[in-house]
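S.K.: Any chance you could fold what I've pasted below:
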Amino acid sequence: MDLRLAQRQLTTDLTPLYGSREAALIADWVMEHLTGHKKIDRLARSAEHLPDHILSQYYIYRSELLAHRPVQYVLHESWFAGLRFYVDENVLIPRPETEELVQWALETITPTGPLIDIGTGSGCIPIAIARKLPTLPIHACDISTGALHVAGRNAAYFGAHITFHHLDFLDRQAWAGLPPIRWLISNPPYIPLDERSTMAPHVTNAEPALALFVPDADPLIFYRTIAEYSSRYLQPGGGVFVEIHEGMAASVAELFRSHGASAVEIRKDLSGKDRMIKGNW
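M.R.: Sure thing, here's the model as predicted:
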């Protein structure tokens, strides 16, 4: 099978699952990963046949993709803030809107006080910040040992100096194990369980539910805990940046204000959805 036919066939196979545009993007990503060549270079080599070992891997990837496994997990890579992160099913796949959260935070954060990322997952948030502010003391925590393994692997790869903590942030007794913090950033779980049925299978069947969903009866559980922690422990002049469910902006903003936050601001993502909130303590 030559390069042109391999990409065309993969795009055709994936179109019923993802639509033609996304299927083409996934096929291009897979072919670049397999061959090590960008699209323009593959066009010049389009009549070349795939070696047997690459063709064998191609069929493995194809089978996994058709089983609704996200391409990022299939290839064990995901791009965030211009960096290629290792990912697997222990962590959420980094999203563009979370990049926007990091960019917003970097407009305010100064290297004068420690930062913590709550629910770090792949470590993409603190690592992206560390690349921009290498002298900033950075901490990150997660309840999942699998996630911390992935985050540690990524931090080592990028040479980011981050102190990781294995703890359940919802357990207030665990806060005693954290150092004084001035800045807090988080993309916590915020999707109510009753929305699960409306989501794509490659999300609900592959990405960790622990990092996605919150109880229908208490969808603000993480924001309430973050607000309580910040009111009690955040150093004066500190700030909090969180990603939010588009339908919860007003509720989270009011929750922050009720716990003493000032200058609370809601910001939309590039899709025009209320996606981020910051507050000062």
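S.K.: make it CA atoms for all contacts and neighbour counts henceforth
M.R.: Fine.
S.K.: contacting residues for the residue nearest to the spatial centre of the chain?
M.R.: Nearest to the geometric centre of the chain sits residue 94, at 2.7 Å (CA atoms, centre = their mean). For residue 94, the contact set (CA atoms under 8 Å, 6 or more residues apart in numbering) comprises 78, 79, 80, 122, 124.
S.K.: how would you label it: helix, strand or coil?
M.R.: Put simply, residue 94 is coil when judged by DSSP: H, G, I helix; E, B strand; the rest coil.
S.K.: Could I have the CA atoms of the lowest-mean-pLDDT helix or strand in the chain written out in CSV?
M.R.: Across the helices and strands of the chain, mean confidence by mean pLDDT, DSSP states H and E is lowest for helix 39-44: a mean of 86. Output of helix 39-44 as CSV, limited to C-alpha atoms (Å, rounded to 0.1, in the frame of the first residue of the first chain):
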residue,chain,number,x,y,z
LYS,A,39,2.2,16.4,4.6
ILE,A,40,4.1,18.3,2.0
ASP,A,41,6.9,15.7,2.1
ARG,A,42,4.5,12.9,1.9
LEU,A,43,2.9,14.3,-1.2
ALA,A,44,6.2,14.2,-2.9
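S.K.: which residues are in contact with that helix?
M.R.: Residues contacting helix 39-44 (CA under 8 Å, 6+ apart): 3, 4, 28, 32.
S.K.: Give me the buried positions along it.
M.R.: By 16 or more other CA atoms under 10 Å, the buried positions in helix 39-44 come out as residue 42.
S.K.: Filter the contacts of residue 94 down to the buried ones, ChimeraX style.
M.R.: Buried subset of those, written as a ChimeraX selection, criterion 16+ other CA under 10 Å:
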select :78,79,80,122,124
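S.K.: could I get the contacts of residue 94 as CSV with distance to residue 251, pLDDT and secondary structure?
M.R.: Output for these, formatted as CSV (distance: CA to CA, whole Å; pLDDT from 0 to 100; DSSP: H, G, I helix; E, B strand; the rest coil):
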residue, distance to residue 251, pLDDT, secondary structure
78, 32, 98, strand
79, 31, 97, strand
80, 29, 98, strand
122, 28, 98, coil
124, 27, 98, helix
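S.K.: what's the most distant pair in the contacts of residue 94?
M.R.: 79 and 122 (11.3 Å; CA to CA).
S.K.: Which neighbours do those two have in common?
M.R.: 85, 94.
S.K.: now the strands for the protein?
M.R.: Counting by DSSP state E, one finds strands in the chain at the ranges 78-80, 83-85, 115-118, 138-142, 162-166, 181-186, 191-192, 213-214, 234-243, 262-268, 274-280.
S.K.: got the angle for the fifth one vs strand 138-142?
M.R.: Translated: strand 162-166. Counting by axes from the mean of the first three to the mean of the last three CA atoms, to 10 degrees, strand 162-166 lies at 20 degrees to strand 138-142.
S.K.: thinking again about what came up before, for residue 213, state which of the contacts of helix 39-44 is nearest.
M.R.: For these, with residue 213 as the reference and CA to CA as the criterion, the closest is residue 28, at 31.1 Å.
S.K.: OK, contacts around the closest one?
M.R.: Neighbouring residues of residue 28 by CA under 8 Å, 6+ apart: 7, 39.
S.K.: ok, now residue 244?
M.R.: Shown in contact with residue 244 (CA under 8 Å, 6+ apart): 187, 188, 190, 274, 275, 276, 277.
S.K.: same check, this time on residue 78
M.R.: By CA under 8 Å, 6+ apart, residue 78 lies in contact with 72, 84, 85, 86, 87, 93, 94.
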